[in-house]
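Undergrad: structure for the following, please:
(chains A and B)
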2 protein chains.
Amino acid sequence: MKQYIKTDEWNIIEEGFHPEDQLLSESIFSIGNGHMGQRANFEEQYSGESLQGSYMAGVYYTDKTKVGWWKNGYPEYFAKVLNAANWIGINVIIDGETLDLAKCEVKEFRRVLNMKDGYLQRTLIARLSGQKEIRIDAKRFVSMAVKEAGLIRYSVTPLNFDGECLITPYLDGDIKNTDSNYDEKFWEEIYKENSVDGAALTVKTRKLDFHAGSLMKYDILQGGKKIQCSTEPVEKDKYVGCNISLRLKQSEETVLYKYVINVTSRDKARDELIPYGRTRLEEISQKGFDAMLQEHSAAWHKKWKESDIVIEGDLSAQQAIRFNIFQLNQTYTGEDARLNIGPKGFTGEKYGGSTYWDTEAYCLPFYLSTADQKISRNLLIYRYKQLEKARENAAKLGFSKGALYPMVTMNGEECHNEWEITFEEIHRNGAIAYAVYNYVNYTGDWDYLKEYGLKVLLELSRFWEERVNFSESKNSYVILGVTGPNEYENNVNNNWYTNRIASWTLEYTLEVISWMKEKDYPAYKNLEDKSGLRETEISKWMDIIKRMYYPVDEERNIFLQQDGYLDKEQCLVKELKKENLPLNQHWSWDRILRSCFIKQADVLQGLYFLQDKYDLDTLRRNFNFYEPRTVHESSLSPCIHAILAAKLKDKDKAYEMYLKTARLDLDNYNNDTEDGCHITSMAGTWMSVVEGFGGMRVVKEKLHFDPIIPDTWKSFSFKIKFRESLLKVTITKAKVAIKNENGNAVTLSVYGNDYSLDKEIVILVQ
Amino acid sequence: MKQYIKTDEWNIIEEGFHPEDQLLSESIFSIGNGHMGQRANFEEQYSGESLQGSYMAGVYYTDKTKVGWWKNGYPEYFAKVLNAANWIGINVIIDGETLDLAKCEVKEFRRVLNMKDGYLQRTLIARLSGQKEIRIDAKRFVSMAVKEAGLIRYSVTPLNFDGECLITPYLDGDIKNTDSNYDEKFWEEIYKENSVDGAALTVKTRKLDFHAGSLMKYDILQGGKKIQCSTEPVEKDKYVGCNISLRLKQSEETVLYKYVINVTSRDKARDELIPYGRTRLEEISQKGFDAMLQEHSAAWHKKWKESDIVIEGDLSAQQAIRFNIFQLNQTYTGEDARLNIGPKGFTGEKYGGSTYWDTEAYCLPFYLSTADQKISRNLLIYRYKQLEKARENAAKLGFSKGALYPMVTMNGEECHNEWEITFEEIHRNGAIAYAVYNYVNYTGDWDYLKEYGLKVLLELSRFWEERVNFSESKNSYVILGVTGPNEYENNVNNNWYTNRIASWTLEYTLEVISWMKEKDYPAYKNLEDKSGLRETEISKWMDIIKRMYYPVDEERNIFLQQDGYLDKEQCLVKELKKENLPLNQHWSWDRILRSCFIKQADVLQGLYFLQDKYDLDTLRRNFNFYEPRTVHESSLSPCIHAILAAKLKDKDKAYEMYLKTARLDLDNYNNDTEDGCHITSMAGTWMSVVEGFGGMRVVKEKLHFDPIIPDTWKSFSFKIKFRESLLKVTITKAKVAIKNENGNAVTLSVYGNDYSLDKEIVILVQ
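TA: Residues are numbered from 1 along each chain as shown, chains lettered A, B, ... in the order given. Next up, the predicted model:
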């Protein structure tokens, strides 16, 4: 744990220079706009420890997997989000001395991520040789209004001298992924050009042939006025820049505005990248930095209006929840249905920037409640579009029908590099089915269900039909050889969660089929024709639902995580010596696998998803058995436990779990935020507040609230979009107030009592 | 399957040139002497498909493992037998044209591996441009008498012209392993020298710093007389050679004798490699090729006297069994206790040339019965010497005591590259314990047991003590998370074989402790002091033996391969479509793991090892259940089934299984012999004859025979060393004759009747 970030309501603040935490700060202070993202690297040269990272959404590389012995069915590549051209670079040389914060004295360093307005600012004084001091003020953002635009205002002020300055804005495509499997570079140069006030560069990726064009223009101001100055183009392999020679006057600020457009062949034809980029670049530079920033901040203000959470009485919690909401919003805007949410977003390379089940299981609720419906709809359409690839994936593993979605993907193909994960963690198919239900239940978007959702459900059900097998010895259907959400097990039989979510998928599919048959028979017939759905399949599914095997412990009256779980030596996390934690840093993988310790919610993940179907006593018995065995070494674990503990009215446990998730990155809780922030788990933090403390759930399309409030909080409030309404829910120790901000009446339940909400209701807590 | 090898009693013969099978022939025609080995590459340049391979026993490289996500406890490197300097190379240029069989017409090509005398000979006529024809006659061997010596007689005879010839014997250390993980070369040059009649080269390996010196001398003869000729040294990076210019006369044979010494820093100090090599080189070149060959052949004749198997009535079987015996003898001579037997011996790179459990489970019986006792003793001492490393290995995985031998090793450290194998296939510890028992039971070498064996057993038992855990729910000890010998399962619980061999290890250890306590109390006390053995350990082991859990199927009255095996969909191999076989080439790994199909003997491996403890009915029930589910996709599988089928008097099944193992490489049965021969499975073939058809076993230190003979064979006979005796056992359909060739009387049992054998007994078959 690391606490060097100053608490503040709306800002993330680093005061004083912390080169030892530079990697961490680079992650935390990242900016993005859904189309691209940028770690908080310095603009000027920096020879200290740094992970340079500029990412373009959806631009990836299929790096050959590293595996000792190849076997049939192994994924052939591991997709990596590409570290793209460095577009922020500005080299500064003062009187022949290169500005490099690792090599000079740094004073009054201050870095601020302004979450309200959405920009990153850095100010500092650098003392160069000969006691020369300069002030640097750098501000940048990637625009929420023009998605290809990145803008930088970079200024240099000599404090105690006049001098010469060579300043070089550049674009550098000679970039390497630090996680390159075979130490290769993935980019090749296609085109470059250079002029007195700008430059352009096109590079392409090896293998997949993504083209990425970056274009820059710049303005120089001295004494507040644009000036002309002597410039000289610089070109190297995959690099264009422009040397600008300037005379600096003591106490006068010299400002460089760098305007950049980043555009890729995902959005424009290859031969249009540069012409299109030129037009956009002209527009944004004409508009200028300040106007562009204003537009950008306005977009952020709108987002905050719809998704803010206010916590009174706990500044640190306030900052944390806003940080989480901020990162989620800058990672995924939902405008492009081909995109999804990588576990690290645009803040690092780890986990390849690919799509995991995190999206459906953890992120969907956030976007459902805080953003326009089309955004969560797009997240679901993403999987619909990849249905064919998921069918191919199942076929590749030997299934004659059905779809198995990949555990990790960029384009619908499996691209993880551990066979045990890709083959065994088939529960992801369940989360994808659940997301269909969750979305439809929340939005009532039956059109989506008819057009897309049911087609996905059908293929998922067909997969489960073939993946189960009938065990003569158990006289039941079983699912063998899986890994559940708890990845501290491998290749187990009858994981309760997997069996249950598989069976539930069949139940829900049958329910949707019945509904469609009744409501829209022609559409049903059409589906029957197109999908080849037959009565024999339906009766097979009913038989599987009826005769699915679920491991249980009769004695404790709990569901059993998997066959034989109780054969393991049973110990509790509290019995472990502190120095063994986290287990994954101290124990061999072998020891972890053989232990009873649980990485993240598994049986409890099922009880979370299907909470309508199980009573509180069942939940309590299972929670009390499993939570003490859970080490929460996935960032996705504490949130589910926080929600369930809140449901069980165990306020202390709920708050304990909330603390584990809320400041995970700000306090570098797991000592791994240098690699990037845990974006998908941030959605879990939001869930902890809204579904946990807020006790919000949607049962049979109706909103329910069952709030509790942590002792240390004075009040908290959150915004919820629900169908036509925008609700603001405020909870204090004394009352629950729900305000309907845009006026469409809504029926809801608070503490089990139904209310019709017109403008506002206030319920006093007993 | 590929049948281009001519059948012959004593020779492996290829007639006609088969460039399409060159990789295969290079494996099959390999030669070796335990110290080094050489694939059957051509001496002269060859631009066709070829896997150049020269190997020095025990010289390896720790290549970084390829793994996608590193976890604690993973092996850090994958050890590879090193492809060492090419010492056979002789370039030939005739009138300016390089001799390259891929580029000229080849006539009368004949390659013979003479197994009786132990050399490789190749004759051919090459037609060069301008209709020039030359005859090449190349003969080579690596000496069984001087282990560092490799000798080549290479002759060129122009058949229809006079011409100029430039002939270049060379040493080339610029060699690459084809299986290099990151495409690196592993050798660096240290030293080279060159003179008119020879050269020397020292190279060293990266990382481990093995030094390898190669030295050569040569003689040229024309018209049967040594001649002086004009020579010119050639040097390149890691390469020394000597250009010799000659005038060739039509029909006159020009002979080059190339004498080579290969010596490594495993045997000599680094600075002595060249001086030592010079002395040896002088000796062998003085003695000359013919005398050296005679010495070498004499050593082979001695080996054949002690280990030959004669099969009458089946020439193909005769050739096959001699090929297997030949390869085993040239792979491991037992002179160096630091060495062991790689699955491919010196015939290829695959499987890294490392030590597997194959040695104890399959190879030991061959060396026990056919070679001096010290040779099998050395195989056991090898593991004793690595006991400390095995303790470290266990500690690395989190065990507080005991030893876990590696699944694959060069020096005692684990060096496989699949975690699931290294962590889970702990049954290897059982095979190592069993080998101790097997050796002592066979030889009566109680001194070994006292000095070495018991120390190994103690640490193995300590490992099992900690590796089992007590299951409250089963009220028994269980072993979770293993893979048994059947590698078509992963991470199973309570693999019957593993549980049984673990418990047996404890039983045998306790038995040996009791014996030692009784026979040599001071030695016992000493052991107790040194090893810290306590009564509490002994009573824990007794408790484990008593309360170990064994999965069974009550209904069929069989042992169950693992918990839940019967939950799998049950099908038989005969129900599979032919085009699905072998499964590992047609099914995804996922599908294989989920199926009931068995790669190799698992429960049956246990019933083979512990056959004294189970009656024939038990064996029959289990055999009849498991064999039909077994695909025999390990080369180590058919032999065990052949032996057990013979024991059950199922002659047809025994012969069917024998055929699957006997000509595995000669007929390229699994289509993978290009990579190298299946050396360790060859010992299994020997076992199929001797323990299978011969029905030989040693029960309580007494020899038993229970022979059957395949219908197609007229007779078969084999030699067995047993303690002081050398027995020749001859079996025909009518009788069993056992001759005691060196005269020490021995008591033995044939078909259940005891005999005292003085010189010869003949038992008529009923």
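
Undergrad: so who does A:Ser717 touch?
TA: By CB atoms under 8 Å, 6 or more residues apart in numbering or on different chains, the contact list for A:Ser717 reads A:Ile309, A:Val310, A:Lys728, A:Val729, A:Thr730, A:Ile731. For every residue, glycine as well, the C-beta is placed using N, CA and C.

Undergrad: now name the helix or strand holding it.
TA: strand A:715-722 (DSSP states H and E).

Undergrad: now do the helix or strand following that strand: everything it contacts.
TA: Counting by DSSP H and E, the element after strand A:715-722 in chain order, helix or strand, is strand A:725-732. Residues external to strand A:725-732 that are found in contact with it (CB under 8 Å, 6+ apart): A:306, A:693-694, A:696, A:703, A:705, A:707, A:709, A:714-721, A:736-744, A:746, A:757.

Undergrad: now, those that are in helices?
TA: A:Glu306 (DSSP state H).

Undergrad: number of residues surrounding the closest residue to A:Val440 other than its chain neighbours?
TA: Excluding its sequence neighbours, the residue lying closest to A:Val440 (CB to CB, 6 or more residues apart in numbering or on different chains) is A:Leu449, at 5.1 Å. As a burial measure, A:Leu449 scores 22 neighbours (other CB atoms under 10 Å in any protein chain shown).

Undergrad: does A:Leu449 belong to a helix, a strand or coil?
TA: helix (DSSP: H, G, I helix; E, B strand; the rest coil).

Undergrad: enumerate the residues of the stretch 151-300 of chain A near chain B.
TA: Within the stretch 151-300 of chain A, the positions adjacent to chain B are A:Tyr182 by CB under 8 Å from any CB of the partner chain.

Undergrad: give me the residue from the stretch 151-300 of chain A nearest chain B.
TA: Closest approach between the stretch 151-300 of chain A and chain B, counting by CB to the nearest CB: A:Tyr182, at 6.8 Å.

Undergrad: which residues touch that residue?
TA: Taking CB under 8 Å, 6+ apart as the test, what A:Tyr182 contacts is A:Asp63, A:Lys64, B:Tyr182.

Undergrad: with A:Ser503 instead?
TA: A:Trp464, A:Ile544, A:Ile545, A:Met548.

Undergrad: name the element the second one belongs to?
TA: Meaning A:Ile544. According to DSSP H and E, A:Ile544 maps onto helix A:535-547.

Undergrad: what's the answer for the first one, then?
TA: Counting by DSSP H and E, the element that carries A:Trp464 is helix A:454-467.

Undergrad: enumerate every residue touching A:Tyr4.
TA: Contacts of A:Tyr4 by CB under 8 Å, 6+ apart are A:Glu14, A:His18, A:Asp21.

Undergrad: repeat for A:Gly695
TA: A:Ala646, A:Lys647, A:His704, A:Phe705, A:Asp706, A:Pro707, A:Ile708.

Undergrad: with A:Thr231 instead?
TA: A:Thr231 touches A:Val196, A:Asp197, A:Cys242, A:Asn243, A:Ile244, A:Ser245, counting by CB under 8 Å, 6+ apart.

Undergrad: adding pLDDT and secondary structure, write these out as TSV.
TA: Formatted as TSV, these follow (pLDDT from 0 to 100; DSSP: H, G, I helix; E, B strand; the rest coil):
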residue	pLDDT	secondary structure
A:Val196	80	coil
A:Asp197	84	coil
A:Cys242	95	strand
A:Asn243	96	strand
A:Ile244	96	strand
A:Ser245	96	strand
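
Undergrad: quick one: buried ones out of those?
TA: Among the contacts of A:Thr231, those buried by neighbour count (16 or more other CB atoms under 10 Å in any protein chain shown) are A:Cys242, A:Asn243, A:Ile244.

Undergrad: adding distance to B:His678, write those residues out as CSV.
TA: Shown next, in CSV, are those (distance: CB to CB, whole Å):
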residue, distance to B:His678
A:Cys242, 65
A:Asn243, 66
A:Ile244, 70
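
Undergrad: roughly how far out does the lowest-mean-pLDDT helix or strand in chain A sit from the chain middle?
TA: Least confident helix or strand of chain A, by mean pLDDT, DSSP states H and E, is strand A:77-83 with a mean of 87. Distance of strand A:77-83 from its chain centroid, counting by CA atoms, centre = their mean, to the nearest Å, is 16 Å.

Undergrad: run me through the strand neighbours of the next helix or strand after it, direction for each.
TA: Remark: after strand A:77-83, the chain's next helix or strand is strand A:90-94, criterion DSSP H and E. Strand A:90-94 pairs in its sheet with strand A:97-98 (antiparallel), strand A:163-172 (antiparallel), by DSSP bridges.

Undergrad: most tightly surrounded among those strands?
TA: strand A:163-172 (a mean of 21; mean count of other CB atoms under 10 Å in any protein chain shown).

Undergrad: got the contact list for A:Pro169?
TA: So A:Pro169 contacts A:Gly89, A:Ile90, A:Met216, A:Tyr218, A:Gly241, A:Cys242, A:Ile244, A:Leu256, A:Lys258 (CB under 8 Å, 6+ apart).

Undergrad: who wins for neighbours among these?
TA: A:Met216 (27 neighbours).

Undergrad: could you give the average pLDDT over the one helix or strand that residue maps to?
TA: A:Met216 is located in strand A:211-222, with elements delineated by DSSP H and E. Averaging pLDDT along strand A:211-222 gives 97.
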